[in-house]
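S.K.: How does the following fold in three dimensions:
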Amino acid sequence: MSQLPVRIARWSARHAWRAIAGWFAFVILCLGVGIAVGTDEAGVEDFRVGEAGRAEAMAAEGGLQRRPTEQIMFSARSGPLDADAVDSAARDLTERMRKLPEVDSVAAPVRSEDGTVVRVSVVLKGPELDGKKNVAPLLEQTAKVRDGHPDLVVEETGSPSISKGVNDQRGKDLALSERITLPVTLVTLLIVFGSVVMAGVPLLLALSSIAAALGLSMIASHVLPDPGVGTNMILLIGLAVGVDYTLFYLKREREERARAGGRLAPEALVELAAATAGRAIVVSGLAVIVSTSTLYLATDVIFSSLATGTILVVAVAMASSLTVLPALLVTIGHRTERRAARRASRGKPVRTKRAEAETGRVFGALMRPAQKRPALTLCVSVLVMLALAAPALGLRLIDPGKDTFSRDIPAMQVYDRLNAAFPELLVKHEVVARSTPDRAAEVRRALADLGRRAQADALFAGNAEPKVRTSADGRISVLELAVPFPAPSAEAIESLGHLREDYLPATVGKLSGVETGVSGDVARGRDYVDHENGKLPLVIGFLLLVTFVMTVWAFRSVVVGLIGVVLNLLSAGASLGLLVVFFQGTWAEDLLAFDSLGAIASRVPLFLFVILFGLSMDYQVFVVSRIQEAMQNGMSAREAVLDGISRSAKVVTSAAIVMVTVFGAFVALHLTEMKQMGFCLAVAVLLDAVVIRLMVLPSLLLLLGERAWWPLRAARPSLPAQPSLPAPTAAPAAPAALPFENVG
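M.R.: As a prediction, this is how the structure comes out:
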């Protein structure tokens, strides 16, 4: 693998237009095939975990699973509710809804306890998650009823319309994030390169990589169903790593060009860049892919989708940097040469840039403490990171359900008014029992007994009669119990405990040979959190192991591998601590425009650790490879650290700015879970690029010296400072040794 990036770059440089055409043909092919096969969306069965999932599977076996349901409410615009007007509107609505092919049944109108609101329940055909795709005709008919009865307030809500509203809002949010990130990324690249053309190359490759990955993800969904989050992940990670990889390659090519002083052809320059930055990109990309693959160990459809999206877009971004980027650079290089030749023919001076470390004042100031007082800098930096991580000890997790969605969604506003008028609709517990058909009557009596006990409990809705439904074959029975508290509330969670630990064992649970389980809104969330907590040690353990192995493989140093793991833990811990500070309390609600859940979305910590470990390898590989390269060129350990850090500081920080912008834009989104993910990743990348890579890492390496490369030291001498080539058309001299080669 060591020479693969060079061989690919050599072919691409010599067949530039073929490489460029081939790349865009690949992107179009991926998109075309993806659109042709479509996306296989995850179904209800793909989300089932724990006891709740087992109970839902039993209910589905008897045809008693949850159905997508909409609630249409009627209330007076002013004064008391006119009974005749409501009856007329309800009949109109019922007639319209029953004519729709999407509707399974329409229930009789139900009046609220205070008599101010009447609701009509409409059950849709198909699985629960298909409701959002079929609800549009119902919303249209509700609007027509509203227009036909202007004296009434006619509103519609329910899981299907809420899900549709969330999808619509997510689409607008993603468009907003693109409007924020693309200009900031372009400005950052313009500052780094000072050229519109060179700044446009990373964006072009990143966007084309995202397009190809989106097509591939559609194809992959037929193996691993898509729950609807894969696209978000491709956009989130694709722009970040796509720009990063191209940026690393471009910066190295510009360094080689400046060092050559016009003595090397563009083809030779991209080969030199491929031998260093290209190899670092391969190692970094593989590290992200391997670390992200640990998410599959969570055996969760959402994490599997996040992993698939990340792996695809990173692999495609890596491929674009190794294949089409050299071709673009050669094409741009030849154009630059022709422009320089024209200037020379007119007697104008041709400007060349000297090769030098681009540390700058800001980076120099940040690096100075580690350079002058490494021990003190290390202690202070680590203590600061540990202090930032400390609040994570008070982390509370929650499964963000329907109650946490933004109230900017009209269906959520109606949802709140519906629950205020009909609190028994807030939460439903479902007790499922499976037995032989001859015991159906016995099971129903036990379920009825359970319902009476629950009704006497203040945590359950006393005004809602418990309902027992039995399958046609008599094998499955389901009891529905209403709870007048929101699903994330302590009361709703406590009611689930009473049900599972007290009432169920004392009634149906006493019947031998009867299989039981509790599902519902609260049970789903609690079992999901428990499932994730159970998988967390396994995923984190494998993550630490693969990160260590990848780093040791890349740099042939056990010490550097240990350092990488510890530094990544510091970054993740500090960002998680800040996430708790900002999102678990209420003080930052106005600042970040969110409603606190009093907890952190259960998927965020695991997602943070895995993705951050992968992304941190970008900086780890790039920085440490520059240090290792300097040692191979004959520098002492101290000189190599200072040289490597100084040469990589600007490009690492520029890459971090792009990542922070991409992730930070997600803080502007409405969905609280996405806000938390974006905030956490943005903070983690910022801390990693500034504190870890400019203070902690150099301090550690300066203190360790040669011991950092135990058990194998970097080979010396190596990379010649300048290949000796007399003419611009000559080929580059092969380096004696390169990073990740001959390090023993």
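
S.K.: ok, residue 392 - contacts?
M.R.: Going by Cβ atoms under 8 Å, 6 or more residues apart in numbering, residue 392 touches 573, 576, 577, 579, 580. Any C-beta I mention is one placed from the backbone N, CA and C, and that applies to glycine too.

S.K.: ok, the third one - contacts?
M.R.: By that I understand residue 577. Contacts of residue 577 by Cβ under 8 Å, 6+ apart are 388, 389, 390, 391, 392.

S.K.: Dump those to JSON lines, plus distance to residue 324 and pLDDT.
M.R.: Output for the contacts of residue 577, formatted as JSON lines (distance: Cβ to Cβ, whole Å; pLDDT from 0 to 100):
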{"residue": "388", "distance to residue 324": "40", "pLDDT": "96"}
{"residue": "389", "distance to residue 324": "41", "pLDDT": "95"}
{"residue": "390", "distance to residue 324": "46", "pLDDT": "96"}
{"residue": "391", "distance to residue 324": "45", "pLDDT": "96"}
{"residue": "392", "distance to residue 324": "42", "pLDDT": "94"}
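
S.K.: among those residues, which ones are buried?
M.R.: 388, 389, 391, 392 (16 or more other Cβ atoms under 10 Å).

S.K.: what about residue 445, how many neighbours?
M.R.: By other Cβ atoms under 10 Å, the residues close to residue 445 number 14.

S.K.: Please identify which helix or strand holds it.
M.R.: Using DSSP states H and E, residue 445 maps to helix 440-455.

S.K.: so what pLDDT did the closest residue to residue 292 other than its chain neighbours get?
M.R.: Leaving aside its chain neighbours, residue 292 sits nearest to residue 310 (4.7 Å; criterion: Cβ to Cβ, 6 or more residues apart in numbering). pLDDT for residue 310: 92.

S.K.: Need the three-state assignment for residue 310.
M.R.: Look at residue 310: counting by DSSP: H, G, I helix; E, B strand; the rest coil, its state is helix.

S.K.: From residue 283, how far out is it?
M.R.: 17 Å (Cβ to Cβ, to the nearest Å).

S.K.: Contact partners for the residue most central in space within the chain?
M.R.: By Cα atoms, centre = their mean, the mean C-alpha position of the chain lies nearest to residue 233, the distance being 4.4 Å. Residue 233 makes contacts with 305, 306, 309, 310, 313, as judged by Cβ under 8 Å, 6+ apart.

S.K.: Distance check, it against residue 605.
M.R.: Applying Cβ to Cβ to residue 233 and residue 605 gives a distance of 16 Å.

S.K.: Are we agreed that residue 383 is in a strand?
M.R.: No - counting by three-state DSSP, residue 383 falls outside a strand, being helix.

S.K.: Quick one: neighbours of it, just the number.
M.R.: 10.

S.K.: What of residue 171?
M.R.: Residue 171, neighbours per other Cβ under 10 Å, totals 11.

S.K.: Give me the distance between it and residue 165.
M.R.: For residue 171 relative to residue 165 (Cβ to Cβ), the value is 11 Å.

S.K.: Quick check: closest non-adjacent residue to residue 382.
M.R.: residue 696 (6.5 Å).

S.K.: can I assume residue 683 sits in a helix?
M.R.: Yes - under the criterion used here (three-state DSSP), residue 683 sits inside a helix.

S.K.: Help me confirm that it comes into contact with residue 575.
M.R.: Yes - under the criterion of Cβ atoms under 8 Å, residue 683 makes contact with residue 575 at 4.5 Å.

S.K.: So between residue 310 and residue 283, which is more surrounded?
M.R.: Higher neighbour count among residue 310 and residue 283: residue 310, with 29 against 24, using other Cβ under 10 Å.

S.K.: Roughly how far does the more buried one sit from residue 246?
M.R.: In terms of Cβ to Cβ, residue 310 sits 18 Å off from residue 246.

S.K.: ditto for residue 560
M.R.: As for residue 560, its distance to residue 246 is 26 Å (criterion: Cβ to Cβ).

S.K.: Looks to me like residue 71 is in a helix.
M.R.: No - under the criterion used here (three-state DSSP), residue 71 is strand, not part of a helix.

S.K.: Quick check: beta-bridge partners of it?
M.R.: residue 121, residue 157 (DSSP bridges).

S.K.: For the closest residue to residue 422 other than its chain neighbours, give me the pLDDT.
M.R.: Leaving aside its sequence neighbours, residue 422 sits nearest to residue 112 (Cβ to Cβ, 6+ apart; 5.9 Å). On the pLDDT scale, residue 112 is placed at 92.

S.K.: Same check on residue 239?
M.R.: For residue 239, pLDDT reads 85.

S.K.: Tell me who's in contact with it.
M.R.: 181, 185, 206, 207, 210, 658, 662.

S.K.: So if I had to pick from residue 560 and residue 246, which one is more boxed in?
M.R.: More neighbours surround residue 246 than the other of residue 560 and residue 246, with 29 against 24 (other Cβ under 10 Å).

S.K.: Tell me how far the more buried one lies from residue 326.
M.R.: Counting by Cβ to Cβ - residue 246 and residue 326 are separated by 11 Å.

S.K.: Following element in sequence after the strand or helix carrying residue 86, please.
M.R.: Residue 86 belongs to helix 83-98 when assigned by DSSP H and E. For helix 83-98, the following helix or strand on the C-terminal side (DSSP H and E) is strand 103-106.

S.K.: The helix or strand following that next one pairs with which strands, and in what direction?
M.R.: Downstream of strand 103-106, the next assigned helix or strand under DSSP H and E is strand 110-111. In the sheet, strand 110-111 lines up against strand 117-124 (antiparallel) (DSSP bridges).

S.K.: contacts for whichever helix or strand comes after the strand it pairs with?
M.R.: Using DSSP H and E, the helix or strand that follows strand 117-124 in sequence is helix 131-134. Helix 131-134 has contacts (Cβ under 8 Å, 6+ apart) with 68-70, 102, 124-126, 158-161, 163-164, 167.

S.K.: average pLDDT across helix 131-134?
M.R.: 90.

S.K.: distance between it and the chain's centre?
M.R.: 25 Å (Cα atoms, centre = their mean, to the nearest Å).

S.K.: Next, the buried residues of that helix.
M.R.: 131, 132, 133, 134.

S.K.: Rebuild these as CSV, extending it with distance to residue 535.
M.R.: Compiled in CSV, those are given as follows (distance: Cβ to Cβ, whole Å):
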residue, distance to residue 535
131, 29
132, 28
133, 30
134, 34
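
S.K.: quick one: which of those is nearest residue 649?
M.R.: residue 132 (47.8 Å; Cβ to Cβ).

S.K.: Give me the neighbour count for the closest residue to that closest one other than its chain neighbours.
M.R.: Ranked by Cβ to Cβ, 6+ apart and with sequence neighbours excluded, the top spatial neighbour of residue 132 is residue 163, at 3.7 Å. For residue 163, the neighbour count with other Cβ under 10 Å is 23.

S.K.: those strands in the stretch 551-700 of the chain, which residues are they?
M.R.: Taking DSSP state E, counting those that start in this stretch to define them, one finds strands in the stretch 551-700 of the chain at 600-601.

S.K.: Which pLDDT value does the model give residue 15?
M.R.: For residue 15, pLDDT reads 92.

S.K.: same deal with residue 348?
M.R.: 62.

S.K.: do the one 10 residues further on as well
M.R.: According to the predicted model, the pLDDT of residue 358 comes to 51.

S.K.: And residue 539, by the same measure?
M.R.: For residue 539, the model assigns a pLDDT of 92.

S.K.: Can you add distance to residue 619 and secondary structure and give the contacts of residue 577 back as CSV?
M.R.: Converted to CSV, the contacts of residue 577 look like this (distance: Cβ to Cβ, whole Å; DSSP: H, G, I helix; E, B strand; the rest coil):
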residue, distance to residue 619, secondary structure
388, 18, helix
389, 19, helix
390, 24, helix
391, 25, helix
392, 22, helix
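
S.K.: how about residue 228, what does it touch?
M.R.: So residue 228 contacts 41, 42, 167, 305 (Cβ under 8 Å, 6+ apart).

S.K.: neighbour-wise, which of the residues you listed leads?
M.R.: residue 305 (26 neighbours).

S.K.: Please consider this matter closed, and thank you.
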